[in-house]
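> Model the structure of this input:
(chains A, B, C and D)
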There are 2 protein chains.
Amino acid sequence: MGMETYIQVLKNNRLKVTPRRKAIIGVFMKHGVRMGPYELYEKLKRKLPKLGLPTVYRILEELKDAGILVQSLAEDRRLRYALCACPDEHHHHFTCRKCKKVEEVEFCNFNGLSSFIEKNLNAKVESHNLQIEGLCARCR
Amino acid sequence: MGMETYIQVLKNNRLKVTPRRKAIIGVFMKHGVRMGPYELYEKLKRKLPKLGLPTVYRILEELKDAGILVQSLAEDRRLRYALCACPDEHHHHFTCRKCKKVEEVEFCNFNGLSSFIEKNLNAKVESHNLQIEGLCARCR
DNA sequence: TGGATAAATAGAAATGATTTCTATTTATAC
DNA sequence: GTATAAATAGAAATCATTTCTATTTATCCA
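Sure thing, here's the model as predicted:
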């Protein structure tokens, strides 16, 4: 998925196409790893010396809501973000615990679990979030 | 699962059976909902006026590592904890987004997804964490 | 049962991530 | 080009979380 497609997603979500937003998406496209606000801020402050950390926080949240980024909880109990290559269809992501690379997992067999819950707990399942970790092909 | 069993889990993990730890487990047994450090601190400070918030943070982390508690990420981007009724066998938990009650889901069909990842990404899957939310039988 | 020992805790303090706020700038629609 | 609302900078506040040290306590063992 190229920058043009992400720009289209921004527009679809009524988010303006600003240099900051494009720059942050660009960093994620360049480095396929998950990153936190401060890491992005550090990587961008040369090109964008006036960038503020609050702006990074806000943009990350907006991009997550738009489906462009996925959020995950890191070992240090903080949130990291990574690019989602296909925001349109439901799927999951695999993160390498060593190099932090995030890869798409275009597969989900949650239906069985979901109907188990609806049947056994009589509950209505609304969302599920799966965080998968391990070692990628290169690091294993 | 009763207090005696949790005490046994503490011992198995070489954690001392202290009044604080028992009190925190007790609060979770009484309220079957997920809670954060400050909520527990508030609920306990009458019975344990000398309890400190850092102690609560530490105990929550220890009980999570021992498998007595499960951790989940709440909407406010903070971590909450809930009791795990069967720390021995792998399973998941369902949280009601309205009343925050946490229920056991003694089922997991992750194998299919796992072998999909190992085959397609040539990665080694080491762990997965599934957060399931919705409306419980009472709140739906 | 009582002392030895390491683990656990209180309490104060520091840390630092995250959020809030206001004035200014900028992307977009017309 | 201009109007408008959205986005941003920058400073400051907030507050969750962690660190540190002295003290207390659970547990082990004689």
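> Okay, helices next: where are they in chain A?
Shown for chain A, the helices assigned by DSSP state H span residues A:3-12, A:19-30, A:37-44, A:53-65, A:110-120.
> now check the last one, is it near chain B?
By that I understand helix A:110-120. Yes - in terms of C-beta under 8 Å from any C-beta of the partner chain, part of helix A:110-120 sits within range of chain B, namely A:Gly112, A:Leu113, A:Phe116, A:Ile117, A:Asn120. Where C-beta positions appear, they are placed from N, C-alpha and C, glycine not excepted.
> Make TSV from the residues you listed and add pLDDT to it.
Supplementary listing: these in TSV, determined by pLDDT from 0 to 100:
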residue	pLDDT
A:Gly112	93
A:Leu113	95
A:Phe116	97
A:Ile117	97
A:Asn120	97
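> Nearest to B:Arg80 among these?
Distance to B:Arg80 across the residues of helix A:110-120 next to chain B (C-beta to C-beta) is lowest for A:Ile117, with 19.3 Å.
> Please name the residues that touch the closest one.
Residues in contact with A:Ile117, defined by C-beta atoms under 8 Å, 6 or more residues apart in numbering or on different chains, are A:Ala123, A:Val125, B:Phe94, B:Val105, B:Phe107, B:Ile132, B:Gly134.
> so how far is the longest strand along chain A off the chain centroid?
Longest among the strand segments of chain A by residue count, using DSSP state E, is strand A:124-135. Relative to the mean C-alpha coordinate of its chain, strand A:124-135 is positioned 13 Å out (C-alpha atoms, centre = their mean, to the nearest Å).
> avg pLDDT for it?
Regarding strand A:124-135, the rounded mean pLDDT is 97.
> Just the CA coordinates for it, please, in PDB.
C-alpha atoms of strand A:124-135 as PDB (Å, rounded to 0.1, in the frame of the first residue of the first chain):
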ATOM      1  CA  LYS A 124     -22.700 -10.300  22.700                       C
ATOM      2  CA  VAL A 125     -19.100 -10.100  21.300                       C
ATOM      3  CA  GLU A 126     -18.400  -6.800  19.800                       C
ATOM      4  CA  SER A 127     -14.600  -6.700  19.300                       C
ATOM      5  CA  HIS A 128     -11.500  -8.700  19.600                       C
ATOM      6  CA  ASN A 129      -7.900  -7.700  19.600                       C
ATOM      7  CA  LEU A 130      -5.200 -10.200  19.100                       C
ATOM      8  CA  GLN A 131      -1.500  -9.500  19.800                       C
ATOM      9  CA  ILE A 132       0.800 -12.100  18.400                       C
ATOM     10  CA  GLU A 133       4.500 -12.100  19.100                       C
ATOM     11  CA  GLY A 134       7.500 -14.300  18.400                       C
ATOM     12  CA  LEU A 135      10.600 -14.400  16.200                       C
END
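> Each with direction, which strands does it pair with?
strand A:92-96 (parallel), strand B:124-135 (antiparallel) (DSSP bridges).
> just the ones you listed: most buried one?
Among those, the stretch with the highest mean neighbour count (mean count of other C-beta atoms under 10 Å in any protein chain shown) is strand A:92-96, at a mean of 22.
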